[in-house]
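Chemist: For reference, the sequence and a predicted model appear below.
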Amino acid sequence: MKNFELFLSESGISIFYVKIGLGFLLSFLITFFSIPTIIKISRRKNLMDEPGVRSSHLRKIPNLGGIAIFYSIGICSSVFAYELFDLYKFLFASLIILLYIGVMDDIVVMRAYKKLVAQIIVSSLVVIGSDIRIRSLFGILGIYEMSYFVSVLFSIITFIVLINAFNLIDGIDGLAGGYSVICSGLFGISYYRLGEYNYPLVVLSAVIIGTVLAFMYYNLSNSRTNKIFMGDTGSMLLGFLLAFTSICFIDIFIDKELPNVPRYHLQSAPVIAVAILILPIVDTLNVIIVRLCNKKSPFDADKNHIHHKLLKLDLTHRRAAFYIIVYYLMIVTVAYYLRHININRLLLMIILLGFMGAYLPDLIYHLRNNKKIRK
């Protein structure tokens, strides 16, 4: 790989852009051509997702699409963004553990506490072993730099919450995939603007976009023989990687004395990261609040997710996913243009807009029913 980079530099070709292009293209092709084989094996071995009470589908569908996502990301990031694995020694090991746990859960359904233990181990490896953690809250609730122990604990909890939150939004076709493409694109653009030190993270974002777009081709298919879900394997991997990229994004704006690395500072960096990941955060908080208000366990399954509410309005999966993504993309736009206001005001505004999006479908549903009653 280094010889190839030397050849490109001597030819006057930007290595970075070649890595982005090849990383995106190869990740797309690997996923695109590996999923049909996974579908075929899943049908032959009856490794299918069975329709249930909470399901939004009516027939058995293969749910091991996450294997193709891991396969593609594992190969392409190791080749085109290998610097990440030099900097963060336990990153690949964490992905392997999540792959194993995800596949086990997709096939035999693991107990929740076992998955939680695995997620704690994975998060601890990255936070403690690779030192990827939230060191400061930049003045949110008056909190700035945190002690090492508090920083580690808070970062591990953040990883676990985001992994499970992303898993929860994977309830309709195209939503988890489409949202991960948007998030990766936003983080990728941000890293690109912040300088070449962050270029490996830009390449990783391009790889994630490539593999997810290929997966979405099958996930959004109307064909009975080509359709597939990403399963817990895919949602946990993507949730973990988005948590990783968001914490790296916040960490960029911390004043650190690193040689040959330019310094940046954006007071609202944590809120921008929250805005980008606002959908899984708000959706998870909303269902927990509703369950507690109904005197149920926060871990009980129900149909109070945002996507379930939109399906009640007789929207198709594609339209529901599109409306959700567009609305929460609007929140990111608001956060970006107001990024220089007081950080606590901005955070409050983003959270309120997030919850407004969660309850708008309920309002529309009640207004529609009242009109029918009056008629």
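Modeler: That came through, no problem. Just so you know, these numbers come straight off a predicted model, no measurement behind them.
Chemist: pLDDT of whichever strand or helix holds Leu348, averaged?
Modeler: Following DSSP states H and E, one finds Leu348 within helix 343-374. Taken as a whole, helix 343-374 has an average pLDDT of 87.
Chemist: just for the stretch 1-150 of the chain, where's the confidence low?
Modeler: Residues of the stretch 1-150 of the chain meeting the criterion pLDDT under 70: 1-13, 51-58.
Chemist: do the same with the stretch 151-300 of the chain
Modeler: Looking along the stretch 151-300 of the chain with the criterion set at pLDDT under 70, you get 254-265.
Chemist: burial of Ser205, as a residue count?
Modeler: 28 (other CB atoms under 10 Å). Just so you know, the C-beta spots here come from the backbone N, C-alpha and C atoms, and that holds for glycine as well.
Chemist: Please verify my assumption that it contacts Tyr199.
Modeler: No. In this structure Ser205 lies outside contact range of Tyr199 using CB atoms under 8 Å: 10.4 Å.
Chemist: Could you name every residue contacting both of those two?
Modeler: Tyr191 (CB atoms under 8 Å, 6 or more residues apart in numbering).
Chemist: Okay, buried residues for the helix holding Leu348 please.
Modeler: Neighbour-count burial for helix 343-374 flags Ile343, Leu346, Leu347, Met349, Ile350, Ile351, Leu353, Gly354, Gly357, Ala358, Pro361 (criterion: 16 or more other CB atoms under 10 Å).
Chemist: can I get those residues in a markdown table with distance to Phe90?
Modeler: Output for the buried residues of helix 343-374, formatted as a markdown table (distance: CB to CB, whole Å):
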| residue | distance to Phe90 |
| --- | --- |
| Ile343 | 31 |
| Leu346 | 33 |
| Leu347 | 30 |
| Met349 | 36 |
| Ile350 | 31 |
| Ile351 | 32 |
| Leu353 | 36 |
| Gly354 | 32 |
| Gly357 | 35 |
| Ala358 | 35 |
| Pro361 | 40 |
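Chemist: Return the closest of those with respect to Tyr328.
Modeler: Nearest to Tyr328 among the buried residues of helix 343-374 is Gly357, at 6.4 Å by CB to CB.
Chemist: Might you report the residue contacts of the closest residue to Ser42 other than its chain neighbours?
Modeler: When the adjacent residues along the chain are set aside, Ser42 lies closest to Pro62, with 3.5 Å between them (CB to CB, 6 or more residues apart in numbering). Counting by CB under 8 Å, 6+ apart, Pro62 touches Ile38, Ile39, Ser42, Arg43, Leu47, Met48, Asp49, Lys227, Ile228, Phe229.
Chemist: Work out for me the element the fourth one sits within.
Modeler: Following DSSP H and E, the helix or strand that holds Arg43 is helix 15-45.
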